[in-house]
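K.L.:
just to be clear, the model below is a prediction. Sequence and coordinates:
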Amino acid sequence: MEPLNIYASRLVNKQEYFTPGHKACQGCAEALAVRLVAKALGPNTVVASATGCMEVVSSAYPHTSWGVPWIHVAFENAAAVASGVEAGFKALVRKGKIPDQKTTILGMGGDGATADIGFQALSGALERGHDFVYVCYDNEAYMNTGIQRSSSTPYGASTTTSPAGKVKPGQLTWKKNMAAIAVAHEIPYVATACASYPMDLIEKVEKAAAMEGPAYVHILSVCPTGWRIPTKKAIWIGRLAVETGVFPLFEVVNGRYKLSFDQELRPVKEYLKPQGRFRHLTDEMIDTIQKRTNSDFEKLRIKAGAKT
């Protein structure tokens, strides 16, 4: 497979639906991901946004960064509210109250609102087959409330609730595989993406919106504050996550896997070493992460039918 071209030429919506002026931290790759998702979906979109960084930075009363209808909902129920909005639109169309046209319903939340607190609502919405898109912006911890661990926090990372110390060297469990869990619901479309690869991200979100039924997109969202990296390094770190296999890019269309990036992997230490949250890792722990990464990536390649 050819290397993923992050500079691929294509038409990109010039209109901004997530506008500048929000209060995100400098270098926030999550804000960039939100901007790209909004561009991909366009103006005929309704957003149900869970509590989290993007809600806080984009909706300080009386201002908003959103150029489309946007609903702030509780931490745990973005998918439930998106389901209700989708059902409501169908009812209005059925009653002749609004035109029968494609309106994308977007549920969104961070990894805490998706993999932890909102998991039940998301699983229910996927199981029921609602025609909506759910996007998880995964910065691998509860960043908005002080960098606490989530079930998406990777093995070895130091957070305020999984601090690296003499007894426990940071997070001791492995990151929850939300993409695989979404696939297990047998929905039409699942994908992973990263703002460091903007054209790939936009294309996948467009595919998700075009599907009939539920679609799930899991976006790695580098957080300079929580990951302890310079603000100017967010895009670089995102690329390293993909190139080392720590965060593989792929899509699953009606159960069929397709790798977006399949090259010889770079050593995981190139991704881990620049981040302050991993500065305590021993060579033994890095070797453990390398072996797990290699194993997981090879399993993914097999699912995608890649030749070994």
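P.N.:
Yes, it's here.
K.L.:
mind naming the longest helix for the protein?
P.N.:
Scanning the chain for the longest helix, with DSSP state H as the assignment, gives helix 283-303.
K.L.:
pull out the buried residues from that one.
P.N.:
Neighbour-count burial for helix 283-303 flags 285, 286, 289, 290, 292, 293, 296, 297, 300, 301, 303 (criterion: 16 or more other C-beta atoms under 10 Å). In this view, the C-beta of every residue, glycine as well, is placed from N, C-alpha and C.
K.L.:
show me which of those residues is closest to residue 269.
P.N.:
Closest approach between the buried residues of helix 283-303 and residue 269, by C-beta to C-beta: residue 286, at 5.3 Å.
K.L.:
if I look at that closest one, how far off is residue 223?
P.N.:
Distance, residue 286 to residue 223, using C-beta to C-beta, to the nearest Å: 21 Å.
K.L.:
hmm, residue 106 is touching residue 42, no?
P.N.:
No - in this structure, residue 106 sits apart from residue 42 without contact. The criterion is C-beta atoms under 8 Å, and the distance is 11.0 Å.
K.L.:
more neighbours: those two, which one.
P.N.:
For residue 106 against residue 42, the residue with the higher neighbour count under other C-beta atoms under 10 Å is residue 106, and the figures read 26 against 15.
K.L.:
next helix or strand past the helix or strand that contains that one?
P.N.:
Assigned by DSSP states H and E, residue 106 falls within strand 104-110. Scanning forward in sequence from strand 104-110, with DSSP H and E defining helices and strands, the next element found is helix 111.
K.L.:
how far away from the center of its chain is whichever helix or strand comes after that following helix?
P.N.:
As assigned by DSSP H and E, the chain's next helix or strand after helix 111 is helix 119-128. The chain centroid and the centroid of helix 119-128 are separated by 17 Å, computed with C-alpha atoms, centre = their mean, to the nearest Å.
K.L.:
how about residues contacting the longest helix of the chain?
P.N.:
Contacts made with helix 283-303 from outside it, assessed by C-beta atoms under 8 Å, 6 or more residues apart in numbering, are listed as 155-156, 169, 174, 244-246, 248, 250, 257, 259, 262, 265, 267-269, 272, 281, 308.
K.L.:
average pLDDT for that helix?
P.N.:
Model confidence over helix 283-303 averages 97 on the pLDDT scale.
K.L.:
run the chain-centre distance for it.
P.N.:
If you compare the mean C-alpha spot of helix 283-303 with that of the full chain, they lie 21 Å apart, counting by C-alpha atoms, centre = their mean.
K.L.:
ok, stretch 79-92 next?
P.N.:
Counting by C-alpha atoms, centre = their mean, stretch 79-92 is centred 22 Å from the centre of its parent chain.
K.L.:
put the alpha carbons of it into CSV.
P.N.:
Output for stretch 79-92, consisting of C-alpha atoms alone and laid out as CSV, is shown next (Å, rounded to 0.1, in the frame of the first residue of the first chain):
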residue,chain,number,x,y,z
ALA,A,79,-25.6,9.6,21.7
ALA,A,80,-29.1,9.4,23.4
VAL,A,81,-29.9,13.0,22.5
ALA,A,82,-28.6,12.5,18.9
SER,A,83,-30.9,9.5,18.7
GLY,A,84,-33.8,11.6,19.8
VAL,A,85,-33.0,14.4,17.4
GLU,A,86,-32.8,11.8,14.5
ALA,A,87,-36.1,10.3,15.5
GLY,A,88,-37.7,13.7,15.7
PHE,A,89,-36.5,14.7,12.3
LYS,A,90,-38.0,11.5,10.8
ALA,A,91,-41.3,12.3,12.5
LEU,A,92,-41.4,15.8,11.2
